[in-house]
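J.: give me a model of this one.
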Amino acid sequence: MSHGKIREDKTCLNCGHIVGERFCPHCGQENTETKQPFHYLFTHFIEDFTHYDGQFWKTIKYLLFRPGKLTKEYLAGKRQAYVAPVKLYIFVSFITFFVPSLFSSSGEQQEEKNVYNINTIQRQKANKERIAKILDSVNKENKNMLIPQGAINDLKVTEVNGNNIETDALGETKDGKLSILGAANMKQFDSLYAKDANNRSVFDFMRPFAKKVFHLQEQGLNKEQIFDKFSETVVHTLPKALFIYLPVFAFFLWLFHNKKKWWFFDNGIFTLHYFSFLLLGILILISLSELLSLLPDYTIFNVISFLVYTIVIVYMLIYFFIAHHRVYENSRSISVVKGMSLFIINFFALLCMLLLLVYISFRMMH
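T.: Residues are numbered from 1 along each chain as shown. Take a look at the predicted model:
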């Protein structure tokens with residue numbers, strides 16, 4: 001596809017050499033007119049980035065359906081026909097986390113949400129009336145029983161919050177706000193902390209979360225808005241976390257293979273291609289989720305959705321083993337052992353990374 005109108009003058013504007021056809025044989029610049037229509041700014045960007053001459057689509061085809069093929073081709077020196085690994089990863093990462101933001105809730109989904117909120121308010125009102133009757137009954141009985149008034153107050157706190165302080169880390173108060181370990185604000189949290197000497201380690205762990213939740217609620221945010229902000233923060237932080245984990249993943253590959261035959265650079269290329277595939281898989285799952293949500297809520301469609309999700313997830317799991325076997329050319333038994341070891345190690349390492357991501361994302365919310 002042309003990137004612009006070709007100049008009649010065959011002298012390269014960049015280096016002054018004679019241009020035989022479209023591109024200068026000396027510097028590689030395309031010999032096009034300097035003045036172009038405004039839309040050229042956008043079409044040129046897309047063409048340069050995706051290479052409509054077949055480079056981009058060939059890369060994507062190999063990446064999705066030929067595990068390990070792209071890495072083997074690149075390491076063999078066949079690099080001009082494919083998108084460079086770093087450029088591919090950056091582009092796929094951008095698309096994966098940009099496209100989901102384009103999806104918006106349909107009118108039906110919004111209506112269902114409104115109905116859900118109305119039903120929730122009605123249930124909360126009914127629970128409030130039921131709790132009031134129970135407490136009134138307890139207070140009447142307390143006139144003839146030796147129950148400390150402090151116990152009645154504790155009962156009120158736990159009943160109103162609707163949580164078991166010993167077991168519920170995250171709950172909901174009667175007015176729809178979030179509670180942490182049965183506390184609706186930091187004053188209650190500190191009070192429960194002082195009373196419960198046996199579970200203070202739990203309170204210490206949850207304190208940063210409690211401070212953040214109560215601070216956001218004081219700013220007027222409701223439960224749904226807090227969860228939305230948290231999800232948005234995680235989504236924006238996830239690409240950074242994956243990018244940071246790239247050299248860690250490559251390092252584990254380097255440890256498990258011949259250091260003389262497979263340099264760290266080679267393992268890095270495999271990692272970039274594999275992570276690009278994972279990001280594309282995530283994008284496919286998100287897109288499928290949005291498309292399948294448009295189908296009626298019938299059993300047959302639910303079964304189809306389940307099967308599609310299962311096929312995609314299973315393929316994403318076995319993709320690594322196939323690619324690893326083809327690239328590193330070990331025997332099947334050795335490849336399976338190394339693949340399983342790497343899979344388990346990276347699973348726990350990624351889990352730790354995601355937990356850290358969740359913690360940092362929550363602390364970064366404002």
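J.: for this structure, what helix or strand is lowest in average pLDDT?
T.: In the chain, no helix or strand scores lower on mean pLDDT, DSSP states H and E than helix 149-161, which sits at a mean of 44.
J.: pLDDT below threshold where in the stretch 51-200 of the chain?
T.: Residues of the stretch 51-200 of the chain that meet the criterion pLDDT under 70 lie in 51-54, 100-101, 103-171, 174-176.
J.: mind running it again at 80?
T.: 51-54, 97-184, 196-200 (pLDDT under 80).
J.: all helices of the protein, in order?
T.: 40-50, 55-65, 69-75, 85-98, 107-141, 149-161, 186-195, 200-218, 223-255, 264-292, 299-328, 332-364 (DSSP state H).
J.: quick one: which of the ones you listed is nearest T11?
T.: Between T11 and the helices of the chain, the tightest spacing by CB to CB is seen for helix 40-50, at 21.7 Å. In short, each C-beta sits where N, CA and C put it, glycine included.
J.: just the helices of the chain: most buried one?
T.: With neighbours taken as mean count of other CB atoms under 10 Å, the helices of the chain reach their highest mean count in helix 69-75, at a mean of 21.
J.: output that one as CSV - backbone C-alpha positions only.
T.: Extracted C-alpha coordinates of helix 69-75, given in CSV (Å, rounded to 0.1, in the frame of the first residue of the first chain):
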residue,chain,number,x,y,z
LYS,A,69,7.6,-20.6,14.9
LEU,A,70,8.1,-16.8,15.1
THR,A,71,10.9,-17.1,17.7
LYS,A,72,12.7,-19.8,15.6
GLU,A,73,12.5,-17.6,12.5
TYR,A,74,13.8,-14.5,14.3
LEU,A,75,16.7,-16.4,15.9
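J.: hmm, L88 is touching Y62, no?
T.: No - with contact defined as CB atoms under 8 Å, L88 does not reach Y62; the gap is 10.7 Å.
J.: how far away is Y315 from I180?
T.: 40 Å (CB to CB, to the nearest Å).
J.: and F205, by the same measure?
T.: 11 Å.
J.: so who does the residue nearest to I60 when sequence neighbours are not counted touch?
T.: In space, and not counting its chain neighbours, I60 is closest to L280: 7.7 Å by CB to CB, 6 or more residues apart in numbering. Contacts for L280 (CB atoms under 8 Å, 6 or more residues apart in numbering) come out as 60, 63-64, 92, 96.
J.: now with 10 Å?
T.: Residues near L280 by CB atoms under 10 Å, 6 or more residues apart in numbering: 60, 63-64, 88, 92-93, 95-96, 316.
J.: dump the residues you listed to CSV, plus distance to G16.
T.: Formatted as CSV, the contacts of L280 follow (distance: CB to CB, whole Å):
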residue, distance to G16
I60, 38
L63, 40
L64, 44
L88, 34
V92, 38
S93, 39
I95, 39
T96, 43
M316, 51
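J.: ok, those vs S231, which is closest?
T.: The closest of the contacts of L280, once distances to S231 are taken by CB to CB, is T96, at 15.4 Å.
J.: residue contacts, that closest one?
T.: 235, 238-239, 242, 276, 278-284, 286.
J.: cool, E21 as well?
T.: Shown in contact with E21 (CB under 10 Å, 6+ apart): 6, 10, 31.
J.: hang on, the second one packs against V19?
T.: Yep, that's K10 we're talking about. Yes - the criterion here is CB atoms under 10 Å, and K10 meets it with V19 at 4.9 Å.
J.: hang on, the earlier thing: in PyMOL, how would I select the buried members of the contacts of E21?
T.: Selecting the buried subset of these in PyMOL, with 16 or more other CB atoms under 10 Å as the burial test, is done by:
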select buried, resi 31
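J.: which of the contacts of E21 sits closest to A84?
T.: N31 (24.3 Å).
J.: what are the phi and psi values for the closest residue to that closest one other than its chain neighbours?
T.: Excluding its sequence neighbours, the residue lying closest to N31 (CB to CB, 6+ apart) is V19, at 4.3 Å. V19 adopts backbone torsions of phi -100, psi 120, taken as degrees, to the nearest 10.
J.: could you double-check that V19 lies in contact with E8?
T.: No - taking contacts as CB under 10 Å, V19 lies outside contact range of E8: 11.0 Å.
J.: which residues do these two both contact?
T.: With CB under 10 Å, 6+ apart, V19 and E8 have common neighbours N31.
J.: more crowded one of those two?
T.: Taking other CB atoms under 10 Å, V19 and E8 do not tie; V19 has more neighbours (22 against 7).
J.: so who does that one touch?
T.: 6-7, 9-13, 25-27, 29-31.
J.: so of these, which ones are in strands?
T.: Using DSSP state E, no member of these sits in strands.
J.: which of these sits closest to T310?
T.: Using CB to CB, E30 comes nearest to T310 of those, at 46.9 Å.
J.: residues near the closest one, how many?
T.: 16.
J.: can you pull up the bridge partners for it?
T.: Beta-bridge partners for E30, by DSSP bridges, are F23.
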